[in-house]
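1. sequence below, structure please.
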Amino acid sequence: MRTAIKLIGIYIGLSLVIGLIWAVASYPHMPSTSAEWLWVLVLALPLQLAGEFLGELLWQNRVTRFVQQRTAAKPFSVVRIV
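-> Predicted coordinates:
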């Protein structure tokens, strides 16, 4: 029971922090209703974690490592940008 409450507290805390960061980053388009704020707080942590996971998958891909090795010595690379 104690661990469940601790996990819920951590989830709420991280969701608040990430939700506020998202709100500041998208300042003119902030949620206006309580339902929108609730969606931001509920979805903030899962969406952030999914984005981090997807970014890590793309960054550790064989193709990206190959491009990194081939273009490491070049100061500018169109292939790396693509």
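2. contacts, neighbours, all on C-alpha from now
-> OK.
3. with adjacent residues omitted, what lies nearest to the residue positioned nearest the centre of the chain?
-> In the chain, the residue lying closest to the centroid (CA atoms, centre = their mean) is Gln48, at 3.2 Å. Distances taken as CA to CA, 6 or more residues apart in numbering put Ile18 closest to Gln48, at 7.8 Å, once the chain neighbours are dropped.
4. report pLDDT for the one you found.
-> Note for Ile18: predicted pLDDT of 85.
5. ok, it - contacts?
-> Applying CA atoms under 8 Å, 6 or more residues apart in numbering, we find Ile18 in contact with 44-45, 48.
6. just list what the longest helix seen in the chain packs against, helices and strands only.
-> Looking only at the chain and at elements set by DSSP state H, the helix with the highest residue count is helix 34-59. Where contact means 3 or more CA pairs under 8 Å, 6 or more residues apart in numbering; DSSP states H and E, helix 34-59 is packed against helix 2-25.
7. can you list the weak-confidence ranges in this protein?
-> In the predicted model, the chain carries no residue with pLDDT under 70.
8. swap the cut-off to 90 and go again
-> 1-5, 7-34, 36-49, 51-52, 54-82 (pLDDT under 90).
9. kindly indicate which of the contacts of Ile18 lies nearest Ile5.
-> Among those, Leu45 lies closest to Ile5 (CA to CA), at 17.1 Å.
10. contacts for stretch 36-47?
-> With CA under 8 Å, 6+ apart, stretch 36-47 has contacts from 11-12, 14-16, 18-19, 31.
11. repeat that for 7 Å
-> Applying CA atoms under 7 Å, 6 or more residues apart in numbering, the contact partners of stretch 36-47 are 14-16, 18-19, 31.
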